[in-house]
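1. I'll drop the sequence and a predicted model, then ask my questions.
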Amino acid sequence: MNGQSIPGFYFDPEKKKYFRIQGQAAARDLNLKYSLDNIRKEERKERLHKTATARSNKIRKERVVRRNASSFAQAHVEREVGVKRRSLYVQNFWPDACVSGVRSRPKQILDKPHDASAIRYFDRDPVSKTLFTVHGENKVKWKQIRPGNNTPISKPDQDIAEYFGSWLFTLYAFEPSVELTRTTSAVSSLHYLPATGALATTTYGSDRPPVVYLSDPERDGPYVGQQFTPKGCSAIWGAAARPTDFSASPGLANTVAATHVEHLAVAASSSMLLFTRAPTGSWDSKAVVKSLHSDILSLDWISYTTVALGCRDGKVHLHDTRSGGSSHILTHPYPISKIKRADDETRLICSGLQDSLFLYDIRSPRPSGKLTPLTTNHSNNHYNEQFFKTLYPGHRDSHKRRRLSHGAFRNWSQPVLSFAHHNLDDLELDIDIHPRLGLLAAAQDSSSGTAIRISNIWTGKTIKEIKAKNKTTAKSAAIDKIRCLKFIDRGEEDGGVDLWTCWDGGVAVFGW
């Protein structure tokens, strides 16, 4: 007998026979082995056993058991995959040494424009050194470098040594700013795509719908480009172009997706649009993430095929361009204004409101729901009793503090590091990261007196604070706001890096 299911009969695998299943009336008070109740109990035990066996087999296959750390093979594996613990010098002294030579006052590259209140955003072509800027709210302009032999005229109050040493001032000394386009609403992001020389501009939208404007300024000239208007979109909060230094996996090199030369992710309300450019120059758009529960305020590429999305409700989603799927992996306690890849694709830095700037590791989010409120005093827990006492000092708001404590343990993810930050309610303050130097530069609220705070991404310590130029007033708050700052490599053999930033209504650079 093969044990096939026969209605009304039960196959006993031990006796290799079929037995008639006794009904409840016939088996009453007899405790028969093959009664209907006993058969149901046996079937339930078998189902539970199969489920437990399948789960244990899956865990055994997917889990890598960490062996003795002193093993010779383990040491070589850690060195190859890059998980070897950094030395004390690299983690602590190297970032401090890199920032020790940064000047406290910047060199002004572009002054405040005469036809606008300030420069909101900028980007730079790493090859031709052309600078693209947004003047005011909606004027997109570019400024090319000075031709080779022209010598700039020094300012009357400029020191001779500063005049001859300020090569950045000489680059953009005489060339006028050329207007490329004017958008129908305020610009929300500006990105130069160096692989094809394209310029991507997105707008917030107002009485006119938000748009994505894609152009090739160096090839086509001003006022020539493609404009995309997403359907059902109330605002475009930002965009992120895939970095050119990301390399594809060996299995992806010959696929259709790898034939696109540019990838641009756009945060359109609660959806994400992916713009791809073929070698022929044509653009194609597709809504790859549709209708999340909250607006996507920021996004960034963390690998060749993965995009991290930061939402207004604090949730962090990952989208895989290969499968087209997305998943919720982390929860930040406040709205996420900026999200960036740290030194590895598994580590994210989230800048949010209420002075929150945290580093997360997606491999070990340590969700608070696995803990209990009795562990609030544990030193390894970020949201402990001291954290909520800082939010609500004294004995006030005890009910709100207790309710937030339970909510934190149920929903919020535990950060690896927290950085000193001052941003109460501004979604436009920018951050940038330089993984090789281990530096995090974050723009601060103008009311704090600090314009930029530079921190160590491996320890969380503040290395340098750059003070604001002038005391901020209500009238100058829009000019002093730093909406854009970038670490830009000089392209020299010594590996020099400069920090470019919006400053005093123009663009300035903090050099070494």
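-> Alright, I've got the coordinates.
2. my guess is D425 contacts L353, does it?
-> Yes. The criterion here is Cβ atoms under 8 Å, and D425 meets it with L353 at 5.6 Å. Where you see a C-beta, it was placed from the backbone N, CA and C, and this is true even at glycine.
3. Which one's more surrounded, those two?
-> A side-by-side neighbour count of D425 and L353, using other Cβ atoms under 10 Å, places L353 first with 19 against 10.
4. Ignoring the adjacent residues along the chain, who's closest to the more buried one?
-> Nearest non-adjacent residue to L353, counting by Cβ to Cβ, 6 or more residues apart in numbering: Y334, 4.7 Å away.
5. what do you get for A248?
-> Excluding the flanking residues, the one nearest A248 by Cβ to Cβ, 6+ apart is Y304, at 5.1 Å.
6. Likewise for W301?
-> In this structure, W301 finds its nearest non-sequential neighbour in R242, 4.8 Å apart by Cβ to Cβ, 6+ apart.
7. mind checking how far that neighbour is from L274?
-> Going from R242 to L274 by Cβ to Cβ, to the nearest Å gives 10 Å.
8. ok, the residue nearest to L353 touching G352?
-> Yes. In this structure, Y334 is within contact of G352 by Cβ under 8 Å, at 4.0 Å.
9. Could you pull out the residues contacting both of the two?
-> Residues touching both Y334 and G352 (Cβ atoms under 8 Å, 6 or more residues apart in numbering): G314.
10. between these two, which one's more packed in?
-> For Y334 versus G352, the count of surrounding residues by other Cβ under 10 Å is larger for G352: 24 against 19.
11. Which residues are in contact with that one?
-> Applying Cβ under 8 Å, 6+ apart, we find G352 in contact with 314, 332-337, 358, 423.
12. Select from those the one having the most neighbours.
-> I336 leads these on contacts (other Cβ under 10 Å) with 30 neighbours.
13. tell me the contacts of it?
-> Contacts of I336 by Cβ under 8 Å, 6+ apart are 297-298, 310-312, 314, 316, 350-352.
14. again, but for P222
-> Taking Cβ under 8 Å, 6+ apart, we find P222 in contact with 178-181.
15. how does it look with 6 Å?
-> For P222, the contact set (Cβ atoms under 6 Å, 6 or more residues apart in numbering) comprises L180.
16. do S351 as well
-> Remark: with contacts taken as Cβ under 6 Å, 6+ apart, S351 is in contact with 337-338, 357, 431.
17. Repeat that for G225.
-> Shown in contact with G225 (Cβ under 6 Å, 6+ apart): 213-215.
18. Also R20?
-> Contacts of R20 by Cβ under 6 Å, 6+ apart are F9.
19. For it, name its beta-bridge partners.
-> In this structure, R20 bridges to F9 when assessed by DSSP bridges.
20. quick one: the helices in the stretch 401-512 of the chain?
-> Under the criterion DSSP state H, counting those that start in this stretch, helices of the stretch 401-512 of the chain are mapped to 477-480.
21. Show me where the stretch 151-300 of the chain dips below the pLDDT cut-off.
-> Low-confidence segments of the stretch 151-300 of the chain (pLDDT under 70): 151-170, 173-174, 249-260.
22. run the last query once more with 90
-> Where the stretch 151-300 of the chain drops to pLDDT under 90, the residues are 151-177, 218, 220-221, 232, 244-261, 278-281, 291.
23. ok, now the stretch 351-500 of the chain?
-> 362-414, 416, 446-449, 468-480, 489-497.
24. residue ranges of the strands in it, please?
-> Using DSSP state E, counting those that start in this stretch, the strands of the stretch 351-500 of the chain run over 356-361, 417-418, 431-434, 439-443, 450-456, 462-467, 485-489, 497-503.
25. Now do S247 against D125, distance only.
-> According to Cβ to Cβ, S247 and D125 sit 22 Å apart.
26. what about those two, which has more around it?
-> D125 (19 against 10).
27. Report how many residues lie close to the residue nearest to W301.
-> R242 has 22 neighbouring residues, counting by other Cβ under 10 Å.
28. what do you get for R277?
-> A count of nearby residues for R277, using other Cβ under 10 Å, gives 19.
29. That one reaches L264, doesn't it?
-> No. Taking Cβ atoms under 6 Å as the definition, R277 is not a contact partner of L264, at 8.0 Å.
30. Show me the helices in this protein, by range?
-> 36-62, 72-81, 88, 94-99, 160-165, 167-171, 217-220, 385-391, 398-411, 477-480 (DSSP state H).
31. Which residues are in contact with E465?
-> 450, 453.
32. For it, name its beta-bridge partners.
-> Taking DSSP bridges as the rule, E465 bridges to R453.
33. wait, which of the contacts of S351 is closest to G496?
-> Distance to G496 across those (Cβ to Cβ) is lowest for I431, with 21.4 Å.
34. how far away is the closest one from R103?
-> I431 is 21 Å from R103, where distance means Cβ to Cβ.
35. quick one: which of the two has more around it?
-> Using other Cβ under 10 Å as the criterion, I431 and R103 rank with I431 on top: 25 against 12.
36. Now for the more buried one: which residues touch it?
-> Counting by Cβ under 6 Å, 6+ apart, I431 makes contact with 338, 351, 442.
37. what's the burial count for the residue nearest to it when sequence neighbours are not counted?
-> Using Cβ to Cβ, 6+ apart and skipping the chain neighbours, the partner closest in space to I431 is A442 (4.5 Å). When neighbours are defined as other Cβ under 10 Å, A442 has 27 of them.
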